[in-house]
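1. predicted model and sequence follow; I will ask about them next.
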Amino acid sequence: MNDYLKVVYNETERPYTDYPEKLCNYLFNYFKMQKDDIFLEAGCGRGEFIKCFHKLGLNVQGVDISNEVLEYLPDLSITICDIEKKGLPYADESFDIIYSKSLIEHFYYPEVYFQESLRVLKNGGKLISLVPDWEVNYKIYFDDYTHRTPFTKYSLEEIYKIHGFREVEVFKFRQLPIVWRYPYLNNICKLISPFIPLRTKNKFFRWSRELILVGCGYK
């Protein structure tokens, strides 16, 4: 069977861009990360984000289910593990930050991930999760057949709180760097989004239409 990364994230369909660097810089500043924070990316995939966080000075480690990840990240500390079955393969209170993007919607039991994240975070550590917003993306959500658990703003808040995280924040987020700089442009995106084809290949139009959720909670 073909590997998920090489099919879904092949370089023809999803070429490398400077977007991961822009997003990592934004999140680094928004969540007030500090250089030398011990950082884990769960579901690190091709490594575009973990590499950027490493460049920003974080002490990074990664975990993923796919052995193919080792080909993309030969110089970083990466562990291969099925989180749902075996948990996070780290000692209690190991990390300042745990981060994932487009991961928890692939779990049948995301509760395991939240329990394990709370365990391996240090006191005061933060869990940051980026996930598709079901309310906006439901028509195309299962274009990826490995999606298992949809999240709304309310369900993402609840799963954080139920598993003991405090100061929980969840907000809707448009993946357009120009909107981060000029938030008023969100209003224009809202106006044009009904006229954008669901499965457009143009990332500017796609991200004008789609929203993700950004969640954060503290141990």
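-> That came in fine, so what should we check first?

2. how far out from the middle of the chain is the host helix or strand of Lys190?
-> Using DSSP states H and E, Lys190 falls within helix 185-192. Offset of helix 185-192 from its chain centre (C-alpha atoms, centre = their mean, to the nearest Å): 24 Å.

3. same check on stretch 185-195?
-> 24 Å.

4. in PDB, list the C-alpha atoms belonging to that stretch.
-> Output of stretch 185-195 as PDB, limited to C-alpha atoms (Å, rounded to 0.1, in the frame of the first residue of the first chain):
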ATOM      1  CA  LEU A 185      -9.800  41.900   4.800                       C
ATOM      2  CA  ASN A 186     -11.700  39.000   6.500                       C
ATOM      3  CA  ASN A 187     -14.900  40.900   5.600                       C
ATOM      4  CA  ILE A 188     -14.000  40.800   1.900                       C
ATOM      5  CA  CYS A 189     -13.200  37.100   2.200                       C
ATOM      6  CA  LYS A 190     -16.700  36.500   3.700                       C
ATOM      7  CA  LEU A 191     -18.300  38.300   0.800                       C
ATOM      8  CA  ILE A 192     -16.500  36.400  -1.900                       C
ATOM      9  CA  SER A 193     -16.400  33.000  -0.300                       C
ATOM     10  CA  PRO A 194     -19.900  31.800  -1.500                       C
ATOM     11  CA  PHE A 195     -18.800  32.300  -5.100                       C
END
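
5. show me what the helix holding Lys190 is packed up against.
-> Other elements packing on helix 185-192 under the criterion 3 or more C-beta pairs under 8 Å, 6 or more residues apart in numbering; DSSP states H and E are helix 177-181, helix 203-209. (Glycine included, C-beta is placed from N, CA and C.)
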